[in-house]
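A.B. asks: Let's see this in three dimensions:
(one chain, ligands or ions: 1)
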Amino acid sequence: MAGERRAEIDGRRMKAIFDALNDFGRVPDKAGWNRPGLSAEDMAVRRWFAARMQGEGLRVSMDGAANVSGRLGREGAPCVMLGSHLDTVPSGGAFDGALGVAVALECALAMRDAKVPLVHPIEVVATSEEEGRFGGMLGSQALAGLTTQEWLETAADADGVRLTEALASHNLDPAGVMASARPANSVRAFLELHVEQGPVLERASIPVGIADRVSGVVHLGVTLRGVANHSGTTPMDMRADAFAGLAEIATGIPGLISAQGTEQSRITIGKVELSPNFPHTIPGRRYSQSSFGMRKALRWAGCARVCAISSRRCRSVTG
Ligand SMILES: [Zn+2]
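C.D. replies: Residues are numbered from 1 along each chain as shown. Sure thing, here's the model as predicted:
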């Protein structure tokens, strides 16, 4: 197109931003980065990023959910948002989230440097608490107006720290989170560059893919009740072994998905507690937490299978 201006990505500048983000939360002597959502490291990296964007002349703000934004172009008009998250899972990788944030800022700076006329304002955003420390995706839910007062007041992390406490430690509160919802039609599009977190593209040697959906997750907690008994004296045909029930459920997952699921379906048994967890005792109780791909028919088929196996192997199942 005549008069078109080409924005050139400055790879060195982008890497400098990326490296600076990863100066926060690096775990000495261990692999990985620790920037749990709303931790001191997480808030420190947000402040650094806000200052960096301000230094570049973007109009910077932090909302009541700790989302950091930097805007180029007109106020008021619907924007194109670019960004990702800055928090990490415990011992997370360097690229997860931080790459998308660094790339977003570099794209905005490249357009600014090339004086590309902006049809829509550009907003670079580093969303907060994406990794689910408190069981949600606080920042993006707040932007989308999908947080509820009830969840904000009851959510807690695995150590029992309440979300309200974590917010208060940074002078934030639930009312501010609720007020962070963007008005309808104020965001025209959201673009996020993210590292592949599975092996599919890498195995196929495809450098980049475009996600056309995100996975929905359903968590089920299931308790299988067997009968705890002596492992040496209880004959095999007189056992109600909760672990055996769980093992059967686990080995049945691929068949269940091929019969009732789709290529996108996943079922994972991710957390298990065995009781009494003693070498010479038949497990009387096994608790497992599973996450199911969000397909109703499959979920119910999964539940039915859990119940069927449990009634054969164990005394009862609840969940
Ligand atoms: Zn991520």
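A.B. asks: so which strand or helix has whichever residue of the stretch 201-319 of the chain sits closest to the ion?
C.D. replies: As assessed by C-beta to the ion, the ion sits closest to residue 214 within the stretch 201-319 of the chain, at 11.0 Å. The way it works is simple: take the backbone N, C-alpha and C, and place the C-beta from them, glycine included. Using DSSP states H and E, residue 214 maps to neither a helix nor a strand.
A.B. asks: Same check on residue 146?
C.D. replies: For residue 146, there is no enclosing helix or strand under DSSP H and E.
A.B. asks: For it, grab the count of nearby residues.
C.D. replies: When neighbours are counted by other C-beta atoms under 10 Å, residue 146 registers 12.
A.B. asks: for residue 4, same thing?
C.D. replies: Close neighbours of residue 4, defined as other C-beta under 10 Å, add up to 8.
A.B. asks: roughly how far apart are the residue of the stretch 101-250 of the chain found nearest the ion and residue 188?
C.D. replies: Nearest to the ion in the stretch 101-250 of the chain, going by C-beta to the ion, is residue 194, at a distance of 5.6 Å. Note on residue 194: its distance to residue 188, by C-beta to C-beta, to the nearest Å, is 20 Å.
A.B. asks: What of residue 65?
C.D. replies: For residue 65, the distance to residue 188 equals 21 Å [C-beta to C-beta].
A.B. asks: Look at those two and report which has more neighbours.
C.D. replies: Counted by other C-beta under 10 Å, residue 65 and residue 188 do not tie: residue 65 has more neighbours, with 26 against 13.
A.B. asks: Confirm that the more buried one sits in a helix.
C.D. replies: No - Residue 65: not assigned to a helix; according to DSSP: H, G, I helix; E, B strand; the rest coil it is coil.
A.B. asks: per-residue pLDDT, residue 197?
C.D. replies: We have a pLDDT of 85 for residue 197.
A.B. asks: got the contact list for it?
C.D. replies: Residues in contact with residue 197 (C-beta atoms under 8 Å, 6 or more residues apart in numbering) are residue 96.
A.B. asks: Let's see that with 10 Å instead.
C.D. replies: 93, 95, 96 (C-beta atoms under 10 Å, 6 or more residues apart in numbering).
A.B. asks: Could you check how many residues crowd around residue 139?
C.D. replies: Going by other C-beta under 10 Å, the residues that sit close to residue 139 add up to 27.
A.B. asks: Leaving out sequence neighbours, find the closest residue to residue 6.
C.D. replies: Nearest residue to residue 6, sequence neighbours excluded (C-beta to C-beta, 6 or more residues apart in numbering): residue 114, at 6.2 Å.
A.B. asks: so the one you found sits right up against residue 108, yeah?
C.D. replies: No - judged on C-beta atoms under 10 Å, residue 114 makes no contact with residue 108 at a distance of 11.2 Å.
A.B. asks: Quickly list what's touching both of those two.
C.D. replies: Jointly contacting residue 114 and residue 108 under the rule C-beta under 10 Å, 6+ apart are residue 7.
A.B. asks: Which one of these two is surrounded by more residues?
C.D. replies: Ranked by neighbour count (other C-beta under 10 Å), residue 114 and residue 108 place residue 108 first, with 25 against 13.
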